[in-house]
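Trainee: Task: produce atomic coordinates for the following.
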Amino acid sequence: MSGPQFFETRMGQAFYDGTMPRLVKALERIADRLDPAGPQPDADMARILAVLPDVFTFLRLLASGKSSDAITARTLLERAGQTPEVPR
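Mentor: All right, here's what the predicted structure looks like:
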């Protein structure tokens, strides 16, 4: 593969500095809500659980490093209502 690695690009930096921490926090909230001793899912959690398969698809596409997959990943984010922040 020629050119910079994903983590060396602006999109990669935005992903690792912004998107990935938000994904981890969201997964932690999901785990907390799914704990039988914890609070029960509410409307926000139902929305998060509904897009969770798209999140994993997004991660798989980004990891592939193909530009066409990056476009698809952005489409998945937009569909979930999350537009990635790209540093300028």
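Trainee: From now on I want contacts and neighbour counts done on CA atoms only, so please keep to that.
Mentor: Fine.
Trainee: Now do the helices in the protein.
Mentor: In the chain, the segments counted as helices under DSSP state H are 10-14, 20-34, 43-64, 67-79.
Trainee: Mean neighbour count and mean pLDDT for the ones you listed - can I get that in TSV?
Mentor: As requested, the helices of the chain are arranged in TSV below (neighbours: other Cα atoms under 10 Å; pLDDT from 0 to 100):
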stretch	mean neighbour count	mean pLDDT
helix 10-14	16	90
helix 20-34	14	85
helix 43-64	14	75
helix 67-79	15	64
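Trainee: how about the ones you listed, which one is nearest Pro4?
Mentor: Closest approach to Pro4 among these is made by helix 10-14 (10.1 Å; Cα to Cα).
Trainee: separation between Ala31 and Val24?
Mentor: 10 Å (Cα to Cα, to the nearest Å).
Trainee: ugh, wrong one, Ala43
Mentor: Applying Cα to Cα to Ala43 and Val24 gives a distance of 20 Å.
Trainee: now Thr9
Mentor: When distance is defined by Cα to Cα, Thr9 is 21 Å away from Val24.
Trainee: For the closest residue to Tyr16 other than its chain neighbours, grab the count of nearby residues.
Mentor: With Cα to Cα, 6 or more residues apart in numbering as the criterion, Tyr16 has its nearest non-adjacent residue at 7.5 Å, and that residue is Phe7. Residues within reach of Phe7, counting by other Cα atoms under 10 Å, total 13.
Trainee: Sweet, I'm off.
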